[in-house]
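Student: need a 3D model of the following:
(one chain, ligands or ions: 2)
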Amino acid sequence: MINFPNAKINIGLNITERRADGYHNLETIFYPIQIKDALEVIEAGELSFEASGLGIPGRVEDNLCIKGYHLLKKDFDLPPVKIHLHKHIPIGAGLGGGSSDAAFFIRLMNDKFRLGLTVDQMQTYARRLGADCAFFIENKPVFAFEKGDEFETIKLDLSGYAIVLVMPDIHISTSEAYSGVKPAPVRQSLYDLIYEPIEDWKKLIKNDFEENIFRNHSAVRGVKAALYEAGAIYASMSGSGASVFGIFRQTPDLSALEAGNQIFYNV
Ligand SMILES: C[C@](O)(CO)[C@H](O)COP(=O)(O)OP(=O)(O)OC[C@H]1O[C@@H](n2ccc(N)nc2=O)[C@H](O)[C@@H]1O
Ligand SMILES: Nc1ncnc2c1ncn2[C@@H]1O[C@H](COP(=O)(O)OP(=O)(O)OP(=O)(O)O)[C@@H](O)[C@H]1O
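Tutor: Ligands and ions are numbered 1, 2, ... in the order given. The predicted structure is shown next:
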């Protein structure tokens with residue numbers, strides 16, 4: 001069985017407080033985008049993991065798909081499987097690629113071995129693998145709060161716009177990004193702001209990670225400025241960076257940005 005875990009962008013991200021468990025409470029809008037990995041699971045004589053495409057840093061045992069397998073194995077009598085992950089979603093980009101693989105792995109195992117898990121139960125497993133994972137179980141636009149793993153459904157359809165994603169050659173670890181932010185309560189929640197006209201988002205909606213990341217990595221700041229220069233209605237870093245997306249009325253010409261950046265058009 002095969003499926004195609006997709007990435008997400010964050011439209012706005014407010015870090016509101018530091019929690020006693022070392023994590024942070026936040027609010028954000030998660031929006032799925034069409035940059036995808038390929039994930040295949042085949043029943044086999046022993047558990048194995050094979051990767052292709054972009055190199056994944058870290059040990060195989062720490063891959064979120066393998067962690068997902070062990071998590072489910074504690075509760076279900078699963079046979080060994082061979083997992084093949086073809087990595088295409090940029091890593092350390094704020095696109096949630098690893099989290100998506102983990103969530104799609106849980107969904108795939110649920111279907112393949114008829115585990116009978118509900119969406120809520122799959123989200124509970126996903127939360128244990130990472131704050132971003134639970135979103136990818138339903139994989140539809142949501143307002144997320146607490147650790148980013150509790151959700152309210154929203155109505156947001158950007159399919160009439162061209163979303164372009166630019167990935168500078170800079171990779172930022174999520175914990176590094178959190179360590180540079182001072183949490184603060186919000187004046188107006190994204191839950192309401194997201195319904196303001198997109199033309200107004202520029203002055204209303206921000207990503208709290210940007211200030212510190214822009215200070216330390218001026219190239220990322222430069223990409224955002226270039227997207228506005230190219231006519232973006234709204235541009236922002238996604239999640240903890242370093243990828244930056246722009247929302248345009250029409251697909252822009254970003255040839256000037258091609259050197260040093262990977263560009264994904266119409267995601
Ligand atoms: C930046 C975001 O992508 C926004 O969507 C997420 O908050 C990150 O989610 P994630 O990568 O799934 O994060 P996890 O793997 O659970 O945590 C990685 C590290 O990020 C920090 N972290 C993450 C989520 C959160 N609400 N507060 C945090 O402080 C913690 O230092 C944690 O050790
Ligand atoms: N399946 C996987 N794909 C990519 N990275 C993985 C995977 N499993 C574990 N990891 C580890 O997670 C780290 C970051 O993964 P990911 O690409 O999800 O980060 P990110 O783009 O910053 O996402 P986020 O938006 O969740 O912060 C990698 O450095 C790698 O060590």
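Student: name the residues of this structure found near ligand 1, please.
Tutor: Listed as neighbours of ligand 1 in the chain under the rule Cβ under 6 Å from any ligand atom: 10, 23-24, 26, 28, 94, 96, 99, 130-133, 147-148, 174-175, 178, 239-240. In this view, the C-beta of every residue, glycine as well, is placed from N, C-alpha and C.
Student: mind redoing it with 8 Å?
Tutor: Contacts of the chain with ligand 1, taken as Cβ under 8 Å from any ligand atom, map to 8, 10, 13, 15, 18-19, 22-26, 28, 30, 94, 96, 98-99, 129-133, 135, 144, 146-149, 174-175, 177-179, 209, 239-240.
Student: if we check ligand 2, which of those are in contact?
Tutor: Near ligand 2, by the rule Cβ under 8 Å from any ligand atom, you find 8, 10, 94, 96, 98-99, 130-132, 174, 177, 239-240 out of the residues of the chain next to ligand 1.
Student: buried residues, the helix ranked longest in the chain. List them.
Tutor: Using DSSP state H, we find that the single longest helix of the chain is helix 97-112. Neighbour-count burial for helix 97-112 flags 97-110 (criterion: 16 or more other Cβ atoms under 10 Å).
Student: cool, and stretch 213-229?
Tutor: Judged by neighbour count using 16+ other Cβ under 10 Å, the buried positions of stretch 213-229 are Ile213, Phe214, His217, Val220, Arg221, Gly222, Val223, Lys224, Ala226, Leu227.
Student: would you reformat the buried residues of helix 97-112 as CSV and include distance to Gln123 and pLDDT?
Tutor: Output for the buried residues of helix 97-112, formatted as CSV (distance: Cβ to Cβ, whole Å; pLDDT from 0 to 100):
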residue, distance to Gln123, pLDDT
Gly97, 19, 97
Gly98, 17, 97
Ser99, 12, 98
Ser100, 14, 98
Asp101, 16, 98
Ala102, 12, 98
Ala103, 9, 98
Phe104, 13, 98
Phe105, 14, 98
Ile106, 9, 98
Arg107, 11, 98
Leu108, 15, 98
Met109, 14, 98
Asn110, 12, 98
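Student: now those as CSV including distance to Leu47?
Tutor: Converted to CSV, these look like this (distance: Cβ to Cβ, whole Å):
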residue, distance to Leu47
Gly97, 22
Gly98, 19
Ser99, 21
Ser100, 21
Asp101, 16
Ala102, 16
Ala103, 19
Phe104, 18
Phe105, 13
Ile106, 16
Arg107, 19
Leu108, 15
Met109, 12
Asn110, 18
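Student: quick one: which of the residues you listed is nearest ligand 1?
Tutor: Ligand 1 has its nearest neighbour among the buried residues of helix 97-112 in Ser99, at 4.7 Å by Cβ to the nearest ligand atom.
Student: list the helices and strands the helix or strand of the chain with the lowest mean pLDDT packs on?
Tutor: For the chain, counting by mean pLDDT, DSSP states H and E, helix 174-179 ranks last in confidence among helices and strands (a mean of 88). Contact analysis of helix 174-179 by 3 or more Cβ pairs under 8 Å, 6 or more residues apart in numbering; DSSP states H and E lists no helix or strand as a packing neighbour.
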